[in-house]
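*Asks:* Fold the following, please.
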Amino acid sequence: MLKRFTISLDEKLLDRFDDAIRQQKYENRSEAIRDLIRSSFVEEEWQADKDVVGVISMVYDHHQPNLQEKVTEIQHDYHHQIVSATHIHMDHHNCLEVVIVKGHAGSVRELTDRLRSLRGVRNCNLAMSTTGRDLH
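*Replies:* Numbering: from 1, shown residues only. The predicted structure follows:
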């Protein structure tokens, strides 16, 4: 069931919000506000160390000595959190590893930090999401 409510905003703030949601291709303010609310709930799940899902994307130099072995070893240490991993050869020097993870937020962050800190990793990001169980 949908419920309507009214909010008051400073005109300049509303103008900025309208510009932002237009750039993000929202059809209306309601959808944008719903997404903002959901995003805050996802952040709460991560802060509360709940079961969450996410995607770790990592670009690294495959010529770095022992790096691939270290990546594999770390992934084995966190095999309970890893749902799937895909390795892509981007060019002669760079590889992309995409790891789908699920588990307690703290262990997922720890896995990401361990991968990010390896010498030869050029970029490592965690896209945090939710299992959806607590979002209604």
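*Asks:* so what does the helix or strand bottoming out on mean pLDDT in the chain touch, helix or strand wise?
*Replies:* Lowest mean confidence among the helices and strands of the chain (mean pLDDT, DSSP states H and E): helix 29-47, at a mean of 92. Judged by 3 or more CB pairs under 8 Å, 6 or more residues apart in numbering; DSSP states H and E, helix 29-47 is in contact with helix 11-23, strand 51-61, helix 105-116, strand 121-130. (C-beta placed from N, C-alpha, C; glycine too.)
*Asks:* Reformat these as JSON lines; add distance to residue 43, mean neighbour count and mean pLDDT.
*Replies:* What follows is the helices and strands packed on helix 29-47, written out as JSON lines (distance: least, CB to CB, whole Å; neighbours: other CB atoms under 10 Å; pLDDT from 0 to 100):
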{"stretch": "helix 11-23", "distance to residue 43": "18", "mean neighbour count": "11", "mean pLDDT": "95"}
{"stretch": "strand 51-61", "distance to residue 43": "10", "mean neighbour count": "19", "mean pLDDT": "97"}
{"stretch": "helix 105-116", "distance to residue 43": "10", "mean neighbour count": "17", "mean pLDDT": "97"}
{"stretch": "strand 121-130", "distance to residue 43": "8", "mean neighbour count": "16", "mean pLDDT": "96"}
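*Asks:* who wins for proximity to residue 73 among those?
*Replies:* Closest approach to residue 73 among the helices and strands packed on helix 29-47 (CB to CB): helix 105-116, 9.8 Å.
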